[in-house]
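Trainee: The following comprises the amino acid sequence and a computationally predicted model.
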Amino acid sequence: MLIDGIGALYSLPTAIGLLRSQGVKTARFLTSILPWRMPYLNLRNHRKILVVDGAIGFTGGMNIKHGHMLSEQPSLPTLDVQFRIEGPAVSDLMATFADDWSFTTGETLAGATWFANPKSDGTTVMRCIASGPNERVGSLRLTLLGALTQVEHSLRIATPYFLPDEEITSLLVIASLRGVAVDVVLPKRSNLFFMKWAETASFRRLIAAGCRVWLEAPPFDHSKVAVADGRWVLFGSSNWDNRSLRLNFELDCEAFDPALAQEIERLIDEKIARSEPVTRERLSARPFIRRLVDGIVRLFKPFL
């Protein structure tokens, strides 16, 4: 088990000691208790990968946390969506984990124990996109730019954090102006209040161009999915913000499958049914001090 060094500190005491005491081989990604030994604080391993016997993979936006166990009524409930994968793409998941494990521990994971070479007998055309400072520069960002320039009819996005850079924002605006139905679904209440402030300051331009922005009622929704033209699907660990697209180590999957796209469309329809629209009138009615704070926080968007 590989855990992000900063993420492990979200719960104190961390789970590291418990896992190791139970015989689970565990490592922490880029961490140190000494500040001068931790110059890469922003380079987080945000990937969510689980591989079983090299043949079955799970990935998406879900962390392993008590908040996702909604049946137990946690104090901070969190909605999410995770995907089970079989076929050759599982080897991509395993290869990404193996690279991270080798970087962290120096141990090489290879051979049939870890890579089962699953058969290609599915119906979905799919690839995994590993992105981060050590990968090909901007691989996920370029994927998003390509999708935004090619979408013809509809684009639907559900993400917990939405702070796209100027180029991506412009392509969303252009897509809407040329007739694409653009829907962006965000949590009404974020677990990071400053992110919500910065997001709100960015809504006006999108709404003016005809994009629809929806705020989903609690519980907090951490899902990260997008679907275009009823056939292209993107899911994984990345948010629509600079941290995911430039700093974090992320893992996303791009798939072409109308049946899968239909399932994601249904999921987003359910989210929209629990949401309220953001309108220009609503934005203009917000108190001046709130709009001022939104604008000030938005100046820090490249760091959020």
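Mentor: The structure has been received and is ready for your questions.
Trainee: Quick one: mean pLDDT over stretch 57-72.
Mentor: Averaged across stretch 57-72, the pLDDT comes to 90.
Trainee: now swap in stretch 267-283 and tell me
Mentor: The model assigns stretch 267-283 a mean pLDDT of 94.
Trainee: Next, the distance between the ends of that stretch.
Mentor: 27 Å (Cα to Cα, to the nearest Å).
Trainee: And for it, what's in contact with it?
Mentor: Residues from elsewhere that reach stretch 267-283 (Cβ atoms under 8 Å, 6 or more residues apart in numbering): 81, 156, 158, 183, 185, 188, 200, 203-204, 207-208, 212-217, 221, 223, 225, 227, 291. Where you see a C-beta, it was placed from the backbone N, CA and C, and this is true even at glycine.
Trainee: Show me the shaky parts of the stretch 151-300 of the chain.
Mentor: Within the stretch 151-300 of the chain, the ranges that satisfy pLDDT under 70 run 193-194, 197, 300.
Trainee: Which residue ranges of it form helices?
Mentor: 166-177, 193-208, 242, 258-273, 280-284, 288-298 (DSSP state H, counting those that start in this stretch).
Trainee: cool, and the stretch 1-150 of the chain?
Mentor: Going by DSSP H, counting those that start in this stretch, the stretch 1-150 of the chain shows helices at 16-21, 89-105, 139-150.
Trainee: Same list (the ones you listed) but as a markdown table, adding mean pLDDT.
Mentor: Formatted as a markdown table, the helices of the stretch 1-150 of the chain follow (pLDDT from 0 to 100):
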| stretch | mean pLDDT |
| --- | --- |
| helix 16-21 | 89 |
| helix 89-105 | 95 |
| helix 139-150 | 93 |
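Trainee: Out of those, which one sits most buried?
Mentor: helix 89-105 (a mean of 19; mean count of other Cβ atoms under 10 Å).
Trainee: now that helix, how far from the centre of its chain.
Mentor: In this view, helix 89-105 has its centroid 19 Å away from the chain centroid, taken as Cα atoms, centre = their mean, to the nearest Å.
Trainee: elements contacting that helix?
Mentor: For helix 89-105, the elements it packs on are strand 2-4, strand 27-29, strand 49-52, strand 56-60, strand 125-131, strand 250-256, judged by 3 or more Cβ pairs under 8 Å, 6 or more residues apart in numbering; DSSP states H and E.
Trainee: Switch those strands over to TSV; also include distance to residue 73 and mean neighbour count.
Mentor: Listed next are these as TSV, based on distance: least, Cβ to Cβ, whole Å; neighbours: other Cβ atoms under 10 Å:
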stretch	distance to residue 73	mean neighbour count
strand 2-4	26	19
strand 27-29	31	20
strand 49-52	25	18
strand 56-60	23	21
strand 125-131	35	19
strand 250-256	31	22
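Trainee: Those strands into JSON lines, with extra columns for distance to residue 144?
Mentor: Converted to JSON lines, the helices and strands packed on helix 89-105 look like this (distance: least, Cβ to Cβ, whole Å):
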{"stretch": "strand 2-4", "distance to residue 144": "23"}
{"stretch": "strand 27-29", "distance to residue 144": "25"}
{"stretch": "strand 49-52", "distance to residue 144": "21"}
{"stretch": "strand 56-60", "distance to residue 144": "17"}
{"stretch": "strand 125-131", "distance to residue 144": "10"}
{"stretch": "strand 250-256", "distance to residue 144": "10"}
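Trainee: Between the ones you listed, which one is closest to residue 99.
Mentor: For residue 99, the closest of the helices and strands packed on helix 89-105 is strand 125-131, at 7.8 Å, according to Cβ to Cβ.
Trainee: Partner strands of the closest one, with direction?
Mentor: Strand pairing for strand 125-131, using DSSP bridges, gives strand 250-256 (antiparallel).
Trainee: Mark out where each domain of this structure begins and ends.
Mentor: Structural domains assigned to the chain are 1-33, 42-303, following automatic domain parsing.
Trainee: Would you quantify the distance from the residue most central in space within the chain to residue 179?
Mentor: When Cα atoms, centre = their mean is applied to the chain, the residue found nearest the centroid is residue 238 (2.8 Å). With distances taken as Cβ to Cβ, to the nearest Å, residue 238 is found 27 Å from residue 179.
Trainee: ok, now residue 204?
Mentor: 21 Å.
Trainee: Could you check which of the two has the larger neighbour count?
Mentor: Using other Cβ atoms under 10 Å as the criterion, residue 204 and residue 179 rank with residue 204 on top: 16 against 9.
Trainee: tell me the contacts of the more buried one?
Mentor: Counting by Cβ under 8 Å, 6+ apart, residue 204 touches 280, 283.
Trainee: how close does it sit to residue 8?
Mentor: Residue 204 sits 38 Å away from residue 8, going by Cβ to Cβ.
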